[in-house]
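just need the structure, nothing else, for what follows:
(2 chains)
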Amino acid sequence: MALVKYNNNSISAVTSAAAIPSGAMTHIKTLTASSSSTLSFVDGSSDVVLDSTYPIYKFVLVSLHPASDGDLQFQCSIDSGSNYNVAMTTVYPYANHSESGSYSGVTYFSDGDQANGTSFQRIGKIGNDNDQATSGEMFLFSPSSTTFVKHFISRVSESHPSEYIQDNLVSGYFNTTSAINAVQFKMASGNIDAGKIKLYGIKNS
Amino acid sequence: MSIVKLNNRGVKDATAFGSITGLGSMTFIKKLTASSSATLSFVDGSSSVVLDNTYKEYVFTFNNIHPQTDNTSPTVGFRDGGTDYDAVKTTTAFRAQHNEADSDAALQYNGGDDLAQSTGFQKLSTVCGNDNDQCYSGTMHLFNPSSTTFVKHFIIKGNVTDTSNYSVNDYQAGYINTTTAIDGVQFKMSSGNIDSGDICLYGIN
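Prediction:
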């Protein structure tokens, strides 16, 4: 009996192979800004999964560039995006260093935190010079829990309008036992001209 | 001669496609779920745990770690050949904190939680509350645990609902000061049990 050898063409219809281990971090959705007022990830909409499927979700911010100098912010929703106003208590330490080398430091930014506030949370500030942008990551833990508060941890490197790097370490918890089912990013004023936000799910089995 | 095309069913038993043996660079290894547990231990070669030179980097995720006892901290210890989790460590610890009442916020080095050549367990966070909705979530990276040449570094970050209703963002890092391979990692509360929560172990290629 002749040996049948398969090539790439012969397996073009294969979309999965059950016994091959897949990675633990699954890409869910990428949103690309194009003069966008908001970028929203809503569970069950546009292929977004943001429920109990994964215990941990990771957002990756890639070269977000604003139309205007200003703050990059995010908030969550417990009503599928009808309202983004979940109470959160947050902390906001950062380190920065100017391009001129004239100053640097690490400090707590008390104007940037919230105490059970329902506003959008600043996670960085971005200049809108052509080459300025911000990138970073944010983890959201167990958004679907109806028992516990929901923790998040972010780290965002910004190119500040005043020509310095700022390393923002914003974290906190959403003080609700309702499930979070949507996350929205936006600038405090003006649009996000360009950049991507990618959502991943991290498996626990 | 007709072309033979394979579908998903045709490759359901495949464990590799040529040089493709897995998809993604983050591989799930093991999940331990607390249920009034005194300890949660990951031991290489036991219960399907891999913690050797298979991966150069391991990531532990902590999801909704809820203590039995108020005012206690999740902690970690490392095993370096014996049965005790008493490998010597030197570590740093700093945190940012902000309370729900908005009356206190700070960034500070946490000298009470660092270790200097100590065999004691390292705290992952400041004290966690045991209200029904309070918990700790975060991650720990452990680098090259099987090295018999170098010390072994680890980096921890997390967010906790403090006993006194603070959001506390904790960062610890350090090295296990041994050239003996680390083959086990154990987590426990500083006092009392871990009532609930998941700890997952991943290998990074």
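
of all of chain A, which residue lies closest to chain B?
A:G23 (1.4 Å; Cβ to the nearest Cβ). Placement of C-beta: from N, CA and C, glycine included.

residue ranges with poor pLDDT in chain A?
Low-confidence segments of chain A, defined by pLDDT under 70: A:1-8, A:10-22.

with adjacent residues omitted, what lies nearest to the residue in chain B positioned nearest to chain A?
At 1.4 Å from chain A, B:G24 is the closest residue in chain B, using Cβ to the nearest Cβ. Distances taken as Cβ to Cβ, 6 or more residues apart in numbering or on different chains place A:G23 nearest to B:G24, at 1.4 Å, with adjacent residues excluded.

so that neighbour sits right up against A:I202, yeah?
No - assessed by Cβ atoms under 8 Å, A:G23 is found out of contact with A:I202, at 9.7 Å.

the more surrounded of these two?
Ranked by neighbour count (other Cβ atoms under 10 Å in any protein chain shown), A:G23 and A:I202 place A:I202 first, with 23 against 18.

tell me how far the more buried one lies from A:Y57.
For A:I202, the distance to A:Y57 equals 7 Å [Cβ to Cβ, to the nearest Å].

quick one: secondary structure of the most centrally placed residue in chain A?
By Cα atoms, centre = their mean, the mean C-alpha position of chain A lies nearest to A:F59, the distance being 3.3 Å. Under DSSP: H, G, I helix; E, B strand; the rest coil, the three-state class of A:F59 is strand.

that one contacts A:L199, correct?
Yes - between A:F59 and A:L199 a contact is recorded at 5.7 Å, counting by Cβ under 8 Å.

what touches both of these two?
A:F41 (Cβ atoms under 8 Å, 6 or more residues apart in numbering or on different chains).

dig out what the most centrally placed residue in chain B forms beta bridges with.
Centroid-nearest residue in chain B, with Cα atoms, centre = their mean: B:F60, separated by 3.4 Å. The partner list for B:F60 in beta bridges (DSSP bridges) reads B:M140, B:L201.

contacts only, for it.
B:F42, B:T139, B:M140, B:L142, B:V185, B:I199, B:C200, B:L201, B:Y202.

again with B:I194
Contact analysis of B:I194 by Cβ under 8 Å, 6+ apart lists B:A34, B:S36, B:S37, B:A38, B:L40, B:I65, B:H66, B:P67, B:Q68, B:P74, B:F187, B:K188.

which residues pair with it across the strands?
B:S37, B:P67.

on that earlier part again, can I get the contacts of B:F60 in TSV with neighbour count and pLDDT?
Shown next, in TSV, are these (neighbours: other Cβ atoms under 10 Å in any protein chain shown; pLDDT from 0 to 100):
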residue	neighbour count	pLDDT
B:F42	24	98
B:T139	21	98
B:M140	23	97
B:L142	23	96
B:V185	26	98
B:I199	25	98
B:C200	24	98
B:L201	23	98
B:Y202	24	97
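
let me know the closest of those to A:R122.
Nearest to A:R122 out of the contacts of B:F60 is B:T139 (Cβ to Cβ; 22.9 Å).

for that closest one, what are its contacts?
Residues near B:T139 by Cβ under 8 Å, 6+ apart: A:F139, A:I153, B:V59, B:F60, B:T61, B:F62, B:I156, B:K157, B:G158.

just for chain B, where's the confidence low?
Within chain B, the set of residues satisfying pLDDT under 70 comprises B:1-6, B:8, B:11-23.

would you map the strands across chain B?
Here chain B has its strands, by DSSP state E, at B:26-37, B:40-43, B:57-67, B:74-79, B:89-99, B:105-109, B:122-123, B:136-143, B:152-161, B:166-176, B:184-189, B:194-204.

pretty sure the residue of chain B closest to chain A contacts A:G201?
No - using Cβ under 8 Å, B:G24 is not in contact with A:G201; the gap is 11.7 Å.

need the residues touching each of the two.
Residues touching both B:G24 and A:G201 (Cβ under 8 Å, 6+ apart) are A:M25, A:T26.

the more surrounded of the two?
Taking neighbours as other Cβ under 10 Å, B:G24 and A:G201 compare with A:G201 leading, 20 against 15.

picking that back up, name the SS class of the residue of chain A closest to chain B, please.
Three-state assignment for A:G23 (three-state DSSP): coil.

and the gap between it and B:N205?
Distance, A:G23 to B:N205, using Cβ to Cβ: 9 Å.

spit out the residues that contact those two alike.
Counting by Cβ under 8 Å, 6+ apart, the shared contacts of A:G23 and B:N205 are B:S25, B:M26, B:T27.

buried subset of these as a PyMOL selection?
In PyMOL, this line selects whichever of those come out buried by 16 or more other Cβ atoms under 10 Å in any protein chain shown:
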select buried, chain B and resi 26+27
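
ok, back up a step: need the strands of chain B in JSON lines with distance to A:L72, can you?
Listed next are the strands of chain B as JSON lines, based on distance: least, Cβ to Cβ, whole Å:
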{"stretch": "strand B:26-37", "distance to A:L72": "26"}
{"stretch": "strand B:40-43", "distance to A:L72": "37"}
{"stretch": "strand B:57-67", "distance to A:L72": "25"}
{"stretch": "strand B:74-79", "distance to A:L72": "31"}
{"stretch": "strand B:89-99", "distance to A:L72": "19"}
{"stretch": "strand B:105-109", "distance to A:L72": "21"}
{"stretch": "strand B:122-123", "distance to A:L72": "32"}
{"stretch": "strand B:136-143", "distance to A:L72": "23"}
{"stretch": "strand B:152-161", "distance to A:L72": "20"}
{"stretch": "strand B:166-176", "distance to A:L72": "18"}
{"stretch": "strand B:184-189", "distance to A:L72": "34"}
{"stretch": "strand B:194-204", "distance to A:L72": "28"}
